[in-house]
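Trainee: All I have is the shape, not the residue letters:
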């Protein structure tokens with residue numbers, strides 16, 4: 001498990017997936033960081049998404065960027081509250097899923 005400093009964890013499987021998607025080390029240099037977000041599927045339930053988003057690093061609030069075992073993640077405050085006490089994992093059929101710790 002990989003521990004986020006706000007009471008959440010990431011499984012090894014999901015962490016490895018993020019590392020594979022971040023093979024091009026220029027992602028971070030260009031301002032792209034892996035991020036976990038929530039999105040609504042039409043009128044259906046909320047689902048977790050893993051995305052690489054862009055934002056000017058000089059404008060990034062320090063409390064939104066977390067280094068977990070050498071990998072930077074951008075996690076907005078509204079998402080952090082929903083992740084507290086959960087483990088993020090990868091399901092081959094559903095994508096990113098969360099489970100209570």
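Mentor: Yep, that arrived. All values derive from a computational prediction rather than experimental measurement.

Trainee: got the contact list for the residue positioned nearest the centre of the chain?
Mentor: Centroid-nearest residue in the chain: residue 36, 3.2 Å away (criterion: CA atoms, centre = their mean). Neighbour list for residue 36: 48-50, 73, 75, 79, 83, 88, 96 [criterion: CB atoms under 8 Å, 6 or more residues apart in numbering]. C-beta: built from backbone N, CA, C; applies to glycine.

Trainee: cool, and residue 79?
Mentor: 36-38.

Trainee: Look up how far residue 30 lies from it.
Mentor: Separation of residue 79 from residue 30 (CB to CB, to the nearest Å) stands at 22 Å.

Trainee: about what we covered before: buried ones from the contacts of residue 36, can you make that a PyMOL selection?
Mentor: Of those, the buried ones go into a single PyMOL selection, burial set by 16 or more other CB atoms under 10 Å:
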select buried, resi 48+50+73+75+79+83+88+96
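
Trainee: So which of the contacts of residue 36 sit within strands?
Mentor: Among the contacts of residue 36, DSSP state E puts 48-50, 73, 88, 96 in strands.

Trainee: the bottom helix or strand of the chain by mean pLDDT?
Mentor: helix 26-29 (a mean of 65; mean pLDDT, DSSP states H and E).

Trainee: which among the contacts of residue 79 gets closest to residue 9?
Mentor: Of all the contacts of residue 79, residue 36 has the smallest distance to residue 9: 12.2 Å, by CB to CB.

Trainee: Please tell me how far the closest one sits from residue 30.
Mentor: 20 Å.

Trainee: What residues are recorded as beta-bridge partners of the residue nearest to the centre of the chain?
Mentor: Taking DSSP bridges as the rule, residue 36 bridges to residue 50.

Trainee: Right, I'll leave it there.
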